[in-house]
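Q: What would the 3D arrangement of this be:
(one chain, ligands or ions: 1)
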Amino acid sequence: MKFQGKIAMVTGAAVGIGRAVALRLAEEGAGLLLLDINAEALSLVGEETKKLGAEVLTYLCDVSSEEQVNEVVADATAHFGRIDILVNNAALWRDRSRFAQSSLDLWKRYFDVNVMGVYLCTRAVIGGMLENAYGRIINVASVAGVYGNAKMAHYSATKGAVIAMTRALAKEVTDQGVLVNCVSPGSVSNSQNEDIDFFSPSELSFMGRTGTDRENANLILFLASDEASYISGQNIQIDGCRKKM
Ligand SMILES: NC(=O)c1ccc[n+]([C@@H]2O[C@H](COP(=O)([O-])OP(=O)(O)OC[C@H]3O[C@@H](n4cnc5c(N)ncnc54)[C@H](O)[C@@H]3O)[C@@H](O)[C@H]2O)c1
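A: Predicted structure coming up:
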């Protein structure tokens, strides 16, 4: 079991990629703290991961709340002793709006969750990681942050910010044992589908299909593992060879 003895924090763990990461980490022996705002789905993932033998704490936590994030990290650190891995996965992405009509409220909500959420969760754990001279931080961005998606400037801008934050932070902490990377999915199958191997046809990739939650989790677990010991400051696209539209 690759993650035996490791403690991992996963945000947005209730569905989709976050849930797949939680399930795969549980299978590989990690202790887990799972955060989400969807109480019902979070509790189900808590049960699923416990059935796989993992020690799991679930937290109803809005990643854009400084107070809630700090409380969760303090509580989990008191319980587990430390946090080794952080997967910043929670984000908003479903709203579409033409730039000219997009509201300030929409932009602020997206930046609060997608950028400030990553900042707050990372800031809450990084002191402990630096003290232990060990950490793995994996941020989930998007191809939208690389190419830009029409009618999603608000979203694309947040993911571009996450990619830049990843690269900048890696330059500060990599020499102290904390490796920081980013994954940028293309189109992923509907995260409401419980089958983590589900995919559907897609015109947006040369593979002609969406990626699965498991495929995304596989890349995230690799970057979280000691096999990825010489990788930091990178943004790795996982998009089935994206058509750049
Ligand atoms: N699904 C895709 O096609 C796709 C493509 C590219 C990138 N991504 C990125 O992958 C990540 C996961 O997306 P997904 O589609 O698997 O999941 P999703 O969007 O369906 O779910 C994300 C989870 O985050 C939670 N969440 C939302 N706001 C939160 C907050 N403020 N605090 C805590 N939790 C919160 C939701 O309740 C949900 O459980 C996101 O960062 C997304 O931007 C997804």
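Q: alpha carbons only for contacts and neighbour counts from here, please
A: OK.
Q: and the host helix or strand of V73 with the ligand, contact?
A: In this assignment (DSSP states H and E), V73 forms part of helix 66-80. No: using CA under 6 Å from any ligand atom, helix 66-80 stays clear of the ligand, with a minimum separation of 9.3 Å.
Q: contact partners of that helix?
A: 7, 33, 57, 59, 61-63, 82-83, 120-121, 124-125 (CA atoms under 8 Å, 6 or more residues apart in numbering).
Q: Let me see the ranges of the helices in the protein.
A: Assigned by DSSP state H, the chain shows helices spanning 16-27, 39-51, 66-80, 104-110, 117-132, 144-147, 153-173, 213-224.
Q: most packed of these?
A: With neighbours taken as mean count of other CA atoms under 10 Å, the helices of the chain reach their highest mean count in helix 16-27, at a mean of 26.
Q: Now do the contacts for V21.
A: Contacts of V21 (CA under 8 Å, 6+ apart): V10, A13, R214, A217, N218, I220, L221.
Q: OK, contacts around the fourth one?
A: Remark: with contacts taken as CA under 8 Å, 6+ apart, A217 is in contact with I17, G18, A20, V21, R24.
Q: Dump these to CSV, plus pLDDT and distance to the ligand.
A: Below are the contacts of A217 laid out as CSV (pLDDT from 0 to 100; distance: CA to the nearest ligand atom, whole Å):
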residue, pLDDT, distance to the ligand
I17, 98, 4
G18, 98, 6
A20, 98, 9
V21, 98, 10
R24, 98, 14
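Q: Format those as TSV; extra columns: distance to K243.
A: Formatted as TSV, the contacts of A217 follow (distance: CA to CA, whole Å):
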residue	distance to K243
I17	22
G18	25
A20	25
V21	26
R24	29
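Q: any idea which of these is the one closest to V146?
A: I17 (19.4 Å; CA to CA).
Q: and the gap between the residue located most distally from the centre of the chain and C182?
A: No residue in the chain sits farther from the centre than A100, which is 29.6 Å out by CA atoms, centre = their mean. A100 sits 30 Å away from C182, going by CA to CA, to the nearest Å.
Q: Over to N139?
A: 5 Å.
Q: what do you get for L44?
A: From L44 to C182 the distance is 27 Å (CA to CA).
Q: now swap in D75 and tell me
A: Taken as CA to CA, the span from D75 to C182 is 26 Å.
Q: The lengthiest strand in the chain versus helix 117-132: what angle between them?
A: Counting by DSSP state E, the longest strand found in the chain is strand 178-185. Put simply, strand 178-185 runs at 150 degrees to helix 117-132, going by axes from the mean of the first three to the mean of the last three CA atoms, to 10 degrees.
Q: Hey, what's the angle from strand 178-185 to helix 213-224? Just curious.
A: 160 degrees.
Q: Please consider this matter closed, and thank you.
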